[in-house]
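Asks: Structure here, sequence nowhere to be found:
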């Protein structure tokens with residue numbers, strides 16, 4: 001009987017798949033109105049009743065191509081006038097208890113049902129605008145654009161628009177108003193826009209679309225329907241100001257003796273947004289203040305490369321999808337992580353009083369948009385102020401200053417032309433100019449990404465040239481390229497790729513870059529089961545192989561066999577169960593490798609041994625009041641047969657729709673790990689390695705309480721502890737092998753590092769686009785050559801140690817020129 005039911009289910013799904021794959025693209029007409037609509041979440045105006053309806057939604061998850069039941073029917077309507085687009089709808093449920101609703105703040109998914117509308121205003125099937133609303137009236141929005149990993153949604157992009165929702169006994173309703181200032185489009189008198197509508201029913205795990213989505217087809221916007229008949233759109237003048245005022249009370253417990261530990265600052269500035277035309281927008285920030293952004297997740301970095309941090313500054317995350325093309329733009333180079341900084345030592349009887357590691361941003365401007373013919377143009381420019389190291393004479397108390405970072409201008413230009421069949425070609429240029437005699441940097445990259453008519457095959461790549469002007473008294477030109485060929489649609493997909501950077505290529509002045517002189521190539525292949533069988537709703541497996549070698553020899557012995565760097569193979573599996581759990585596994589292995597970076601000395605190599613690693617992970621049903629996830633990792637390999645073990649646990653409890661707590665713990669242990677310890681000797685060419693034990697613990701806890709859908713408080717506390725204990729020391733010989741040191745190495749290279757950060761934020765959106773926030777930050781950092789044996793002692797010592805504390809208040813007020821002008825007219829009428 002069970003076998004019969006399973007076969008029947010598979011037959012129904014097969015028939016449904018065939019039917020929907022052959023269905024014509026859906027169309028719906030928007031109705032122009034003359035009367036006003038009150039945005040209150042209740043569709044009681046007459047215009048809603050006479051508008052065409054978008055209904056009969058089709059599931060993508062957990063089971064594709066299943067039509068929604070009448071009890072859960074979705075109805076969405078579109079109206080428009082000279083001011084903007086109105087969207088309303090009713091989302092039916094059997095009862096109120098079937099609705100998932102949680103207050104999480106703007107731009108948070110949370111444990112929520114939602115309704116989202118996606119517009120592809122240029123119908124290029126590459127770029128989209130997304131607007132979502134939840135049953136409790138919270139908003140989130142995003143831009144969709146192609147990137148290195150296919151299309152991605154940028155939820156840091158924010159527009160100013162209105163919405164209201166209302167929960168009823170048999171479902172929930174909503175109304176949205178999108179002013180034309182919140183969206184970009186072309187100049188045609190009659191316009192059709194690409195359209196899709198998505199609904200999530202969290203408790204059932206369903207994700208449904210108005211225009212059906214086939215999970216085996218490449219691209220999401222490639223499968224869109226159409227909103228037709230938009231006529232004589234007259235976008236208003238888009239001129240918006242967001243002036244801000246902020247004040248900080250700071251206590252720096254780490255300040256040097258004689259330096260005032262308590263300071264207070266007052267700041268003021270403005271963000272400006274100006275619509276140059278319907279398609280292009282200028283964004284400018286004048287005297288920006290980023291002091292309230294979330295603290296970085298700093299770690300003890302044992303690698304030879306710099307740690308890469310997330311960008312938390314809104315100006316450099318919102319609407320930057322064009323600038324991310326080519327992977328040349330690492331926005332933290334502007335102010336936070338400048339690549340160029342001179343370091344000076346104090347003279348006799350001198351003490352360093354001030355040595356800034358970051359540069360103050362004077363202004364930043366970006367212009368971006370896309371023409372009706374599909375040409376996207378983006379320009380970003382930022383200027384950072386000169387910074388100085390200040391020395392004080394211990395006897396005379398006189399001070400002197402030396403410039404450690406020059407006045408610097410950062411610029412990126414992007415041209416991106418969309419083509420037929422979801423394809424594009426692009427040109428990206430980044431430029432870093434420094435005042436005075438310091439060197440400048442320029443990188444140019446040409447990119448292409450082409451798909452066939454059936455959107456099944458894909459080929460792409462890029463060619464890049466870097467130029468360092470005046471670095472070390474000379475000009476250096478480097479070359480890089482990438483190429484890939486892929487089957488991008490169907491249940492079976494694959495990708496063949498190669499990346500090459502010659503030994504002169506360097507994009508690190510404006511981009512994140514670890515190393516050049518490398519040629520990496522590989523093959524990735526995967527297979528997806530999108531229909532439920534047995535215990536799973538969907539499942540995918542993939543495997544990939546890579547091989548890496550140098551482009552030019554750097555081994556001091558010039559051995560040909562030393563061109564090889566690394567190779568490896570991976571196997572991945574993941575599936576969603578019928579209980580809406582996710583489970584997965586990863587197995588990876590690799591042969592012996594040559595590491596040219598761990599020695600920290602150009603031309604030297606460390607010959608490491610083979611490796612084998614296994615990782616298992618799981619995620620419970622997130623719709624439950626208590627949800628949890630975890631992973632277990634174990635690995636072995638290397639010259640000392642290291643044994644790695646790591647486990648991660650994350651749990652979340654939702655006490656109500658307003659209050660939740662989640663906690664994440666990661667514990668890592670590595671015994672007999674090999675790693676660099678020191679470079680010693682007159683030429684720093686005697687390289688010491690160690691056999692070491694490494695342990696780390698990361699503990700993150702989040703509290704969230706939302707008073708309303710516009711007001712809430714969050715607290716995030718993170719403690720990270722890592723220790724490195726060398727067990728035995730070795731000297732790296734010129735062949736890349738580890739030998740007993742000729743002279744015993746006695747230097748203390750123990751490492752015990754703690755980093756504690758607390759971010760407590762009260763945020764109130766008191767008007768559209770206007771916010772009042774209070775932020776308390778606490779940061780404690782400690783590095784020692786002596787060990788504390790357990791986690792509790794390390795946490796206690798970090799809390800009781802010297803810390804940096806900050807209490808800040810910030811008000812930002814949104815002013816729209818047109819709204820202000822209309823209010824002034826009414827007042828004078």
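Replies: Ah, there it is. All values derive from a computational prediction rather than experimental measurement.
Asks: separation between the residue positioned nearest the centre of the chain and residue 631?
Replies: In the chain, the residue lying closest to the centroid (CA atoms, centre = their mean) is residue 310, at 6.9 Å. Computed with CB to CB, to the nearest Å, the distance linking residue 310 and residue 631 is 21 Å. Every residue, glycine included, has its C-beta placed from N, CA and C.
Asks: show me where pLDDT drops low in this structure?
Replies: By pLDDT under 70, the weakly predicted segments of the chain are 1-23, 147-151, 258, 829.
Asks: What ranges does it have for its helices?
Replies: Assigned helices in the chain, in chain order: 2-21, 46-50, 791-800, 817-828 (criterion: DSSP state H).
Asks: list the helices and strands the shortest one packs on?
Replies: Identification of packing neighbours for helix 46-50 by 3 or more CB pairs under 8 Å, 6 or more residues apart in numbering; DSSP states H and E yields strand 74-80.
Asks: tell me the contacts of the residue nearest to the centre of the chain?
Replies: Contacts of residue 310 were listed using CB atoms under 8 Å, 6 or more residues apart in numbering, and they are 296, 297.
Asks: Then the one 10 residues further on?
Replies: Taking CB under 8 Å, 6+ apart as the definition of contact, the neighbours of residue 320 are 154, 156, 329, 331, 366, 380.
Asks: right, and out of the residues you listed, which lies closest to residue 264?
Replies: Distance to residue 264, by CB to CB, is smallest for residue 331 among those, at 28.7 Å.
Asks: distance of the residue nearest to the closest one when sequence neighbours are not counted from residue 447?
Replies: Excluding the flanking residues, the one nearest residue 331 by CB to CB, 6 or more residues apart in numbering is residue 316, at 3.8 Å. The gap separating residue 316 from residue 447 is 21 Å, by CB to CB.
Asks: the more surrounded of these two?
Replies: Of the pair residue 316 and residue 447, residue 316 is the one with more neighbours under other CB atoms under 10 Å, namely 26 against 21.
Asks: so how many other residues sit close to residue 52?
Replies: Using other CB under 10 Å, residue 52 has 15 neighbouring residues.
Asks: now it: how far from residue 828?
Replies: Distance from residue 52 to residue 828, by CB to CB: 40 Å.
Asks: And for residue 439?
Replies: 58 Å.
Asks: Can you show me the strands along the stretch 451-600 of the chain?
Replies: 457-471, 474-487, 492-501, 518-529, 536-549, 564-577, 582-590, 593-595 (DSSP state E, counting those that start in this stretch).
Asks: Rebuild these as TSV, extending it with mean neighbour count and distance to residue 163.
Replies: Listed next are those as TSV, based on neighbours: other CB atoms under 10 Å; distance: least, CB to CB, whole Å:
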stretch	mean neighbour count	distance to residue 163
strand 457-471	19	37
strand 474-487	16	39
strand 492-501	17	37
strand 518-529	16	35
strand 536-549	18	31
strand 564-577	17	30
strand 582-590	17	31
strand 593-595	19	54
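Asks: closest one to residue 653 among the ones you listed?
Replies: Residue 653 lies closest, by CB to CB, to one member of the strands of the stretch 451-600 of the chain: strand 582-590, at 19.4 Å.
Asks: Note down every partner strand of the closest one and its orientation.
Replies: Strand 582-590 sits in its sheet next to strand 564-577 (antiparallel), strand 611-619 (antiparallel), going by DSSP bridges.
Asks: Compare the ones you listed and give me the one nearest residue 736.
Replies: Comparing these against residue 736 with CB to CB, the closest turns out to be strand 564-577 (11.8 Å).
Asks: Contacts for that closest one, please.
Replies: For strand 564-577, contacts defined as CB under 8 Å, 6+ apart pick out 61-62, 205, 518, 535-550, 582-591, 593-596, 611.
Asks: follow-up on the earlier one: which of the contacts of residue 320 tops the neighbour count?
Replies: When neighbours are counted by other CB under 10 Å, residue 329 leads the contacts of residue 320 with 26 neighbours.
Asks: wait, it sits on residue 412?
Replies: Yes: using CB atoms under 8 Å, residue 329 is in contact with residue 412, at 5.7 Å.
Asks: How far does stretch 430-445 stretch from one end to the other?
Replies: 9 Å (CA to CA, to the nearest Å).
Asks: if we can go back for a sec, select, out of the strands of the stretch 451-600 of the chain, the one closest to residue 265.
Replies: Of all these, it is strand 457-471 that lies closest to residue 265, at 35.7 Å by CB to CB.
Asks: ok now the closest one, how far from the chain's centre?
Replies: Mean-position distance between strand 457-471 and its chain equals 23 Å (CA atoms, centre = their mean, to the nearest Å).
Asks: coming back round to it: export the contacts of residue 320 to CSV and tack on distance to residue 702?
Replies: Below are the contacts of residue 320 laid out as CSV (distance: CB to CB, whole Å):
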residue, distance to residue 702
154, 23
156, 19
329, 29
331, 25
366, 31
380, 32
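Asks: Pick the one among those residues closest to residue 746.
Replies: The closest of those to residue 746 turns out to be residue 331 (CB to CB; 43.8 Å).
Asks: Residue 572 and residue 617: what is the separation?
Replies: 11 Å.
Asks: do residue 58 as well
Replies: Look at residue 58 and residue 617: by CB to CB, they are 30 Å apart.
Asks: got it, and residue 746?
Replies: Relative to residue 617, residue 746 is positioned 43 Å away (CB to CB).
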